[in-house]
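In: Pasting a predicted model and its sequence here:
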Amino acid sequence: MSNNNNQGGSLGLWTCVAMIAGGMIGSSIFSLSGLTIYSAGPAAIITWAIAAAIMLCYGLICAELSTRFPKSGGVFVFPSKALGKTKEVGKFWGWVSTWGYINANIVAISFAAIYVGTYLSVGFPIFEGKQILLAIISVLVIMILNSIKFTLAGKVNNILVLAMVAAMLIYIGVAFFSGAWDSSTLVPFFSQGARGTSGFLQMVPTAMTGYGSIVAMAFMVSEVKNPNRNVPKSVLIAMCIVLCLYLGIITATVGMVSAGFLMENPGMQYIPLYAAAFTKLAAYPWISKVISIAAVLALYTTMLTVMSLTSRAIQASAEQGIMPQKLAQNNKAGVPVYATLTVTIPCLVISCFPQFTEMIVSFGALFAAVTIIINIISLIVARKKFSLPDGAFKAPGGIALPLIALGLIIICYIPDVFNGGWMIWAYSIAWYFVGIIFYKVRTKNQNTVGGKEYEKVG
């Protein structure tokens, strides 16, 4: 292995922290937190803590992989470099990882766009009935931001993140110091939710989506300045910030909105913070506006980061000839604009169907978990096959770290399989089958038509 480029790209530590934090604080905490409270009751607090532990392990694993294989598009690069005895086998696993990741991220972007419209419509009557239109506009705005110079998009993201964090802190402060928070709603702690005492474990995969952007800088390592230092450091700092905010939000909300209330009012399941403002914080009518603004900012930062990650994953696949070569090209700003457009189109379509929100969430969570497992295995194999480059970051904990992460993911998915989640697994397997057929067709064409050209690019 050659030594890493110690300088890397143009993104410094705090820009990396802001992009990771902004990507994580988004649709999940403002919408899926309600689903975790509905299913697990007050124990949703533990759900989000377990999910954070798993994703921190994953973030550190990908940080090490990014310094071993310092090229953007890590979701494809890591498995393709680490797995398989031949280049073709490695490329196949890179594609399996990327195929699930692309689908999970398209789901995440679409879901976020849908809830931009939801929060704006509940917070500001002028937007009522315009959910689909607002979702479409949001996707287009994010596409434009992802088509300009990356450092400029990063500055926009920094501003959005600061405003969003301020709004979240206002909500937490009002919840705890207004007298509306009631500790009695936390009792009983484990059995209030609709899924019973195991609900807090069943909802961990859903909560994990709230930390998905922990890998943002590892997957865009080529654009990070001094990646050996800044990638792992930004992972740790961003997770500390986000976990504190998440636990503050969840604890504040479960003290005002019970699982029983969400069962009786299913329309409030995906807007739990607004439900708290509507019921327990009615004396502060302005707080609903703050929540709506914070949610929209959070959703936008998630969409901005996730679309960047997804376009670069597509670009990495295109460079290997699995996707059309056009998708590997950058515009004058150094952005894979055709790959970005490829992400945008399905997001626009899915955003038009908010009635399928729950199904969208389930698919996204499983696709994300499969990708995480593949990349964790990639680290285990990479450590055996390659020596660590000089100055590269090594994740702490030795072999225990990836094994613990794998074990926790498996434990959290077992209850879902036994409680009827097998249908999502069946649909997901079918979707991966489609991806494998696509791969076989593309690589066959590559070998018979354009193999030499793609070999040169790869």
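Out: Cool, got the structure. Numbering: from 1, shown residues only.

In: for Phe393, phi and psi?
Out: Phe393 adopts backbone torsions of phi -80, psi 140, taken as degrees, to the nearest 10.

In: Distance check, it against Thr67.
Out: 5 Å (CB to CB, to the nearest Å). From N, CA and C alone the C-beta is placed, and that goes for glycine too.

In: Pull up the overlap in contacts between these two.
Out: 228, 231 (CB atoms under 8 Å, 6 or more residues apart in numbering).

In: what's the burial count for Ala108?
Out: Ala108: 31 surrounding residues under other CB atoms under 10 Å.

In: which SSE is it in?
Out: Assigned by DSSP states H and E, Ala108 belongs to helix 87-123.

In: for that helix, packing partners?
Out: If contacts are counted by 3 or more CB pairs under 8 Å, 6 or more residues apart in numbering; DSSP states H and E, helix 87-123 sits against helix 27, helix 74-82, helix 131-145, helix 272-279, helix 286-319, helix 337-350, helix 357-385, helix 422-445.

In: distance between that helix and the chain's centre?
Out: Chain-centre distance of helix 87-123: 8 Å, with CA atoms, centre = their mean, to the nearest Å.

In: what pLDDT, on average, does that helix get?
Out: For helix 87-123, mean pLDDT rounds to 87.

In: List the buried residues for it?
Out: The neighbour-count check on helix 87-123 (16 or more other CB atoms under 10 Å) flags 90-123 as buried.

In: How about stretch 123-131?
Out: Buried-residue list, stretch 123-131, by 16+ other CB under 10 Å: 123, 127, 131.

In: Quick one: those residues as CSV, columns for distance to Phe367 too.
Out: Shown next, in CSV, are the buried residues of stretch 123-131 (distance: CB to CB, whole Å):
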residue, distance to Phe367
Gly123, 31
Phe127, 31
Gln131, 24
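
In: Between these, which sits nearest Trp286?
Out: Nearest to Trp286 out of the buried residues of stretch 123-131 is Gly123 (CB to CB; 10.4 Å).

In: What is the neighbour count of the residue nearest to the closest one when sequence neighbours are not counted?
Out: Nearest non-adjacent residue to Gly123, counting by CB to CB, 6 or more residues apart in numbering: Ser292, 2.6 Å away. Residues lying near Ser292 (other CB under 10 Å) number 25.

In: just Cys244 next, same as before
Out: Using other CB under 10 Å, the number of residues around Cys244 comes to 11.

In: what's the host helix or strand of it packed up against?
Out: Following DSSP H and E, one finds Cys244 within helix 227-254. Helix 227-254 sits against helix 13-24, helix 33-40, helix 44-68, helix 150-177, helix 216-219, helix 272-279, with contacts defined as 3+ CB pairs under 8 Å, 6+ apart.

In: and the angle from that helix to helix 150-177?
Out: Angle between the axes of helix 227-254 and helix 150-177 is 30 degrees (criterion: axes from the mean of the first three to the mean of the last three CA atoms, to 10 degrees).

In: quick check: angle from helix 227-254 to helix 286-319?
Out: Here helix 227-254 points in a direction 140 degrees away from that of helix 286-319 (the same axes, to 10 degrees).

In: if we look at the very next helix or strand once past helix 227-254, which residues are touching it?
Out: Note on helix 227-254: by DSSP H and E, the next helix or strand toward the C-terminus is helix 259-264. If you take CB under 8 Å, 6+ apart as the criterion, helix 259-264 is touched by 34, 37-42, 192-194, 268-269, 272, 275, 279.

In: among those residues, which ones are buried?
Out: Neighbour counting by 16+ other CB under 10 Å classes 34, 37-42, 192-194, 268-269, 272, 275 among the contacts of helix 259-264 as buried.

In: Next, count neighbours for Ile429.
Out: Neighbours around Ile429, by other CB under 10 Å: 11.

In: typed the wrong thing, it's Asp182
Out: Residues near Asp182, counting by other CB under 10 Å: 12.

In: what does Ala339 give?
Out: Around Ala339 there are 29 other residues, counting by other CB under 10 Å.

In: Please apply the same query to Ala259.
Out: For Ala259, using other CB under 10 Å, the count is 26.

In: Same question for the one 5 residues further on.
Out: For Glu264, the neighbour count with other CB under 10 Å is 9.

In: same thing with the one 3 residues further on?
Out: Around Gly267 sit 9 other residues, with neighbours defined as other CB under 10 Å.

In: quick revisit: for the record, mean pLDDT for the helix holding Cys244?
Out: Average pLDDT, helix 227-254: 95.

In: In it, which of the residues would be classed as buried?
Out: Neighbour-count burial for helix 227-254 [16+ other CB under 10 Å]: 227-235, 237-239, 241-243, 245-246, 248-254.

In: low pLDDT regions in this protein?
Out: Counting by pLDDT under 70, the chain shows low-confidence ranges at 1-8, 26-27, 150-154, 357-364, 413-422, 445-458.
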